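1. Coordinates only, no sequence provided:
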């Protein structure tokens with residue numbers, strides 16, 4: 001599914017470009033490695049029109065991102081099960097907090113590994 005941003009992006013901005021402007025814009029977006037929305041937000045919010053390109057994603061990084069995302073989904077499922085069991089009274093608050101802390105630690109370790117790739 002589609003990624004959820006931390007804060008909801010509910011205010012759209014639209015504009016029209018002539019063919020040459022669209023070509024220039026599309027080229028800059030492509031070289032930035034961002035989506036057109038990310039590119040525009042970066043330009044607007046940083047008051048820059050020169051956006052530094054992201055390095056291309058390597059096959060290894062793409063594979064690791066896939067595994068981390070799948071693992072993150074599994075961790076989220078574990079958190080939901082732990083919460084359901086806690087709410088049913090079969091898991092103490094202390095044990096639930098310990099499980100939540102461990103799941104968070106695993107998540108942070110996975111993210112740290114991703115930043116070391118490439």
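-> Thanks, I have it. These figures come from a predicted structure and were not determined experimentally.

2. Show me which positions of the longest helix seen in the chain end up buried.
-> Longest helix of the chain, by residue count under DSSP state H: helix 59-87. Within helix 59-87, the residues scored as buried using 16 or more other Cβ atoms under 10 Å are 64, 68, 75, 79, 82, 86. Every C-beta, even on glycine, is put in place using the N, C-alpha and C of the backbone.

3. any idea which of those is the one closest to residue 56?
-> Of all these, residue 64 has the smallest distance to residue 56: 14.8 Å, by Cβ to Cβ.

4. Just list the residues touching that closest one, thanks.
-> 113-114, 117 (Cβ atoms under 8 Å, 6 or more residues apart in numbering).

5. What is the nearest of the buried residues of helix 59-87 to residue 9?
-> residue 68 (23.8 Å).

6. Now do the same for residue 31: helix, strand or coil?
-> Classification of residue 31 using DSSP: H, G, I helix; E, B strand; the rest coil returns helix.

7. Domain map for this structure?
-> Per automatic domain parsing, the structural domains of the chain span 14-54, 59-116.

8. what comes up buried for the lowest-mean-pLDDT helix or strand in the chain?
-> Within the chain, no helix or strand scores below helix 36-46, which has a mean of 87 by mean pLDDT, DSSP states H and E. Across helix 36-46, burial judged by 16+ other Cβ under 10 Å covers 39-40.

9. thinking again about what came up before, in helices only, show me the contacts of residue 64.
-> Those of those lying in helices (DSSP H): 113-114.

10. can you list the contacts of residue 64 in CSV and add distance to residue 12?
-> Formatted as CSV, those follow (distance: Cβ to Cβ, whole Å):
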residue, distance to residue 12
113, 36
114, 31
117, 34
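
11. how about the nearest residue to residue 100, chain neighbours excluded?
-> Spatial nearest neighbour of residue 100, chain neighbours left out: residue 79 (6.6 Å); criterion: Cβ to Cβ, 6 or more residues apart in numbering.
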